[in-house]
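Visitor: build me a model:
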Amino acid sequence: MRIISIITAVVVIFALYVLVFERDSFDKLASGNSIKSVVEARLEEQNTSAETEISDQEVTQQIDNVSELVSVVVYASSSQTLGSYVVLRGETEAARFVEVRSETFGQVVSEPLRKGSFVKKNDILCRLDEGTRKTALADAAAKLEEAKALIPQTEAKLDEANSRLEEAKINFNAATKLSQGGYASETRVASAEAAMRSAEAGVATATAGFESTRARIQSAEAGVAAAEKEIERLIIKAPFGGTLESDTAEIGSLLQPGALCGTIIQLNPIKLVGFLPETELSRVRLGAPVKAKLTSGHEIDGNVTFLSRSADTTTRTFRVEVNVPNDQLEIRDGQTVEIAIGSDGKKAHLLPQSALTLNDDGILGIRFIDEQNTTRFAAVNLEQDSKEGVWVSGLDDNVDVIVIGQEFVREGVKVSATYKDISL
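Guide: Take a look at the predicted model:
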């Protein structure tokens, strides 16, 4: 029984093998072909399969030989002059900012102007009560007229003194000549001389009186000017056109000398202020073009108008100012701004950002090919980022940069290069 089961299992396995793996031969036998013809056909198929396997091996070997040259895409790049920029972070600053204060004391009698109001130069900000100042002016004017009235009197006295002096000189000369001829005594000569000295003293006194009168006039004029200035100070005016940053003094409030009347700010033009480090000082000059961008995205152009010659003692940086127009007053005082100051251009290449790679030492650069289509690595310096790509320096004027496939090759490998023009 056991032998019959084993034989049956072998027959079944053989039948399954024939049906599955030798189906074609089985079909031919079932169709009436002889066993010899079926065996010959099977041998021919085995020979064909062997030949095909050999052919596949040859093709694979050829493919391996070809695949030794990696294909890369290369861009022939030429250097261009890049306008270099020194970028600073700064803020906007009003062109003028002043706290208008009182120069005298008095009670405010004018209605206040509210903050945010626009004022022109010489617009009235605060008006003070005049009190007794006009009376003081009238008194000073009266003193001036009184002093001026003394001028004819003092001039007459001076003329009289000069006349007496001339007379005394004539008498003295006559007495001296008569005395020399023996016709006048020494007493007469001495008396004439004394009279002359007295006349000279009279002239000096008259002159002093005249000068005193002139001094009184000048003093009176100064008093009038002071009284007029005091009245002028009662009206506090805007020193320049601008915007009120605070309310002006309320009506009825008392202002003392130095008290605040109001604050005015001028925003057109407006200043962009940044601080330049020592390392960049040589790259910036007065009049250099500037492109600035506010945090709101608003872009403005201007020129450097001030470059400090003295460094900040704490930060060792130099103050830079840029004046820009602000006709619509869209830019406010104290806004953050990015300032790009143009400096002398330099040679650089504009490449797609994907062309950048790292070498085994982690150095940023690009891979390029030489005249023998052999790959090389060159370190680069990033100069500027733009929408078109990145500007890099540190390369020759003309270089064939690998833009596709640079990550799959190493330095010194010969490649199959396909040149492609990239629109940047």
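Visitor: tell me where the stretch 151-300 of the chain has strands.
Guide: Along the stretch 151-300 of the chain, the segments classed as strands by DSSP state E, counting those that start in this stretch run 235-237, 242-244, 254-255, 260-277, 289-294, 299-307.
Visitor: neighbours around the residue lying closest to residue 120 once chain neighbours are set aside, how many?
Guide: Residue nearest to residue 120 in three dimensions, not counting chain neighbours: residue 241, with 4.8 Å by Cβ to Cβ, 6 or more residues apart in numbering. (Glycine included, C-beta is placed from N, CA and C.) Neighbourhood size, residue 241 [other Cβ atoms under 10 Å]: 15.
Visitor: over to the one 4 residues further on?
Guide: Residues within reach of residue 245, counting by other Cβ under 10 Å, total 16.
Visitor: isn't it right up against residue 265?
Guide: Yes: using Cβ atoms under 8 Å, residue 245 is in contact with residue 265, at 4.7 Å.
Visitor: which SSE is immediately downstream of the helix or strand bottoming out on mean pLDDT in the chain?
Guide: When each helix and strand of the chain is scored by mean pLDDT, DSSP states H and E, helix 35-67 comes last, with a mean of 51. Proceeding N to C from helix 35-67, the next assigned helix or strand is strand 70-78, under DSSP states H and E.
Visitor: partner strands of that next one and their direction?
Guide: Neighbouring strands of strand 70-78 in its sheet, by DSSP bridges, are strand 398-404 (antiparallel), strand 415-419 (parallel).
Visitor: list the buried ones in the shortest one?
Guide: To tie it back to what came earlier, the one meant is strand 415-419. By neighbour count on 16 or more other Cβ atoms under 10 Å, the buried set for strand 415-419 is 415, 417.
Visitor: quick one: residues contacting residue 104.
Guide: 128, 230, 233-234, 255, 257 (Cβ atoms under 8 Å, 6 or more residues apart in numbering).
Visitor: what about 10 Å?
Guide: Contacts for residue 104 (Cβ atoms under 10 Å, 6 or more residues apart in numbering) come out as 128, 131, 133, 229-234, 236, 255-257, 259.
Visitor: returning to what we had before: so what sits against both of residue 245 and residue 265?
Guide: 94, 97-98, 333.
Visitor: how near is residue 306 to residue 367?
Guide: 46 Å (Cβ to Cβ, to the nearest Å).
Visitor: more neighbours: which of these two?
Guide: Set residue 306 next to residue 367 and count neighbours by other Cβ under 10 Å: residue 367 wins out with 26 against 13.
Visitor: the more buried one reaches residue 73, doesn't it?
Guide: No: at 11.6 Å, residue 367 does not count as touching residue 73 under the criterion of Cβ atoms under 10 Å.
Visitor: overlap of the contact sets of these two?
Guide: What both residue 367 and residue 73 touch, as defined by Cβ under 10 Å, 6+ apart, is the set 401-403, 405-406.
Visitor: quick check: the farthest pair among those residues?
Guide: Spanning the widest gap among the shared contacts of residue 367 and residue 73 are 401 and 405, at 11.4 Å by Cβ to Cβ.
Visitor: burial count for the nearest residue to residue 216 once chain neighbours are set aside?
Guide: In space, and not counting its chain neighbours, residue 216 is closest to residue 147: 3.9 Å by Cβ to Cβ, 6+ apart. By the criterion of other Cβ under 10 Å, residue 147 has 20 neighbours.
Visitor: what's the helix or strand containing residue 147 packed up against?
Guide: Assigned by DSSP H and E, residue 147 belongs to helix 133-180. Secondary-structure packing of helix 133-180 (3 or more Cβ pairs under 10 Å, 6 or more residues apart in numbering; DSSP states H and E): helix 186-232.
Visitor: domain-wise, how is the protein divided?
Guide: Domain ranges of the chain: 2-53, 70-82+346-419, 133-232, 265-342, per automatic domain parsing.
Visitor: what bits of the stretch 251-400 of the chain have low per-residue confidence?
Guide: Along the stretch 251-400 of the chain, no part satisfies pLDDT under 70.
Visitor: sec struct for the residue nearest to residue 82 when sequence neighbours are not counted, please.
Guide: Closest residue in space to residue 82, ignoring its immediate chain neighbours: residue 348 at 4.0 Å, by Cβ to Cβ, 6+ apart. Under DSSP: H, G, I helix; E, B strand; the rest coil, the three-state class of residue 348 is strand.
Visitor: before we move on, back to that, pick the one among the contacts of residue 104 closest to residue 79.
Guide: residue 236 (62.9 Å).
Visitor: for the closest one, name its beta-bridge partners.
Guide: For residue 236, the beta-bridge partners under DSSP bridges are residue 126.
Visitor: just give the number of residues close to residue 400.
Guide: Neighbours of residue 400 using other Cβ under 10 Å come to 19.
Visitor: begin at 17, not 1, for the rest of this chat.
Guide: Let's use 17 as the start, then, which means that last one is residue 416.
Visitor: and the gap between it and residue 405?
Guide: 17 Å.
Visitor: ok, back up a step: I'd like the strands paired with strand 86-94 as JSON lines, with distance to residue 126 appended.
Guide: Supplementary listing: those in JSON lines, determined by distance: least, Cβ to Cβ, whole Å:
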{"stretch": "strand 414-420", "distance to residue 126": "73"}
{"stretch": "strand 431-435", "distance to residue 126": "80"}
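Visitor: what about the residue nearest to residue 98, distance to residue 384?
Guide: Residue 364 is 15 Å from residue 384, by Cβ to Cβ.
Visitor: let me know the next secondary structure element after the helix or strand where residue 398 lies.
Guide: Residue 398 belongs to strand 397-401 when assigned by DSSP H and E. Once strand 397-401 ends, the next helix or strand along the chain (criterion: DSSP H and E) is strand 406-409.
Visitor: direction included, what does that following strand pair up with?
Guide: strand 362-367 (antiparallel), strand 397-401 (antiparallel).
Visitor: thanks a lot, see you next time.
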